[in-house]
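J.: return a 3D structure for these sequence lines:
(one chain, ligands or ions: 1)
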Amino acid sequence: MSETYDFLFKFLVIGSAGAGKSCLLHQFIENKFKQDSNHTIGVEFGSRVVNVGGKTVKLQIWDTAGQERFRSVTRSYYRGAAGALLVYDITSRETYNALTNWLTDARTLASPNIVIILCGNKKDLDADREVTFLEASRFAQENELMFLETSALTGENVEEAFLKCARTILNKIESGWDLASNMVMHHCGNFGSPADLLLKTSSNATVRFEENRNTADLRPDARTSPSSSGCLWVCKTLIPQLNRDLSTPRHIWSLSLTSDLKELFTLDTPPCVSFKSV
Ligand SMILES: Nc1nc2c(ncn2[C@@H]2O[C@H](COP(=O)(O)OP(=O)(O)OP(=O)(O)O)[C@@H](O)[C@H]2O)c(=O)[nH]1
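T.: Take a look at the predicted model:
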């Protein structure tokens, strides 16, 4: 079933094992507490369409395993993320102490511009608290993070955390944040359907597709008419090669944009398109 939305953002939920990442995602998607949550193995995935400031935004959320042994797997999912919930458990100083490492991963592997909200989870267990609100809010301020204390159990601030992050990304895009000047979208993986690949750009942007050193400039006449949120490029209809090649595992291609990418990536089926700076 197809859904329509103005923007799609890839989100990550990162942080140490047991902090409550899977429960936060479950509360956000299902609106209830996940009983008997087990350790995540590798990566899990959920999505929800929300309304942010009058725009429809699809959040494509990747819940990563916090256990160290999955670190190399989860790291490969960071690319292309526009936002992240960085989660610690307020009753566990150990999970708080690990925040700097998670933050470094997010900013180096996703993007230095990634919008991050720090979530002090298990707010309902205030009596067992090991990390004060003040201490964490200072850490957030020093590291340019937004901050909320949440409870996946009661649902307190869960919706707010995701929406606050989405709102900040949207504000940045709408105030002309050029997320992708000199950026190359880069994919190495397996697509379900190339029809899902869409790019929104400003009306004067040009897009170049590169594959095995062959390049093809996308034709301006193949764009849909400019809308308030920019031009929409539907790559499937523009580049016949995409139909063939995007479903090949580990096929590598890239898209370069001259300017003004309005939307980071738009794919329904994971793994999604990601990008890197050049
Ligand atoms: N009291 C309380 N318990 C919570 C809350 N969130 C999660 N838990 C519990 O904390 C434990 C770990 O939760 P998970 O969501 O599985 O933790 P995780 O961060 O996804 O762990 P990994 O998948 O190993 O990285 C489970 O026993 C949950 O029931 C919360 O807000 N309050």
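J.: I'd guessed residue 119 sits against residue 151; true?
T.: No - contact criterion CB atoms under 8 Å: residue 119 and residue 151 do not qualify, at 9.9 Å. Placement of C-beta: from N, CA and C, glycine included.
J.: give me the more crowded residue out of those two.
T.: Neighbour tally, residue 119 and residue 151, criterion other CB atoms under 10 Å: the higher count belongs to residue 119, 35 against 23.
J.: now do the helix or strand where that one lies: which elements does it pack against?
T.: Element membership for residue 119, per DSSP states H and E: strand 115-121. Packed against strand 115-121 by the contact rule (3 or more CB pairs under 8 Å, 6 or more residues apart in numbering; DSSP states H and E) you find helix 21-30, strand 83-89, helix 133-142, strand 146-149, helix 158-174.
J.: please redo it, this time with the cut-off set to 7 Å
T.: In this structure, strand 115-121 makes packing contacts with strand 83-89, helix 133-142, strand 146-149, helix 158-174, judged by 3 or more CB pairs under 7 Å, 6 or more residues apart in numbering; DSSP states H and E.
J.: each with direction, which strands does it pair with?
T.: Using DSSP bridges, strand 115-121 pairs in its sheet with strand 83-89 (parallel), strand 146-149 (parallel).
J.: just say which of these is most tucked in.
T.: Per residue and on average, the most neighbours among these fall to strand 83-89, with a mean of 27 (mean count of other CB atoms under 10 Å).
J.: not counting that one itself, show me its contacts.
T.: When contacts are defined by CB atoms under 7 Å, 6 or more residues apart in numbering, strand 83-89 is touched by residues 9, 11-16, 18-21, 24, 95-96, 99, 102-103, 106, 110, 114-122, 145, 161, 165-166, 169.
J.: near the ligand, from the residues you listed?
T.: Checking these against the ligand by CB under 6 Å from any ligand atom, the ones in range are 18-21, 121-122.
J.: just the buried ones among those residues, please.
T.: When these are checked for burial by 16 or more other CB atoms under 10 Å, the buried set is 18-21, 121-122.
J.: burial count for the residue of the stretch 51-200 of the chain at minimum distance from the ligand?
T.: Distances between the stretch 51-200 of the chain and the ligand by CB to the nearest ligand atom are smallest at residue 66, namely 2.8 Å. By other CB under 10 Å, the residues close to residue 66 number 24.
J.: same thing with residue 93?
T.: 14.
J.: residues in contact with it?
T.: So residue 93 contacts 130-131 (CB under 7 Å, 6+ apart).
J.: ok, it to residue 151 distance?
T.: Per CB to CB, to the nearest Å, residue 93 is found 18 Å from residue 151.
J.: in this structure, which spans are strands?
T.: 7-15, 43-52, 55-64, 83-89, 115-121, 146-149, 183-189, 198-201, 207-211, 214-217, 231-234, 251-257, 274-277 (DSSP state E).
J.: so which bits of the stretch 151-278 of the chain are right by the ligand?
T.: So far as CB under 6 Å from any ligand atom goes, the stretch 151-278 of the chain lies against the ligand at 151-153.
J.: can I get the residues you listed in CSV with pLDDT?
T.: Output for these, formatted as CSV (pLDDT from 0 to 100):
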residue, pLDDT
151, 98
152, 98
153, 97
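J.: any stretches of the chain with poor pLDDT?
T.: Scanning the chain for pLDDT under 70 picks out the ranges 1-4, 174-278.
J.: domain parsing of it, as residue ranges.
T.: 7-175, 205-267 (the TED database).
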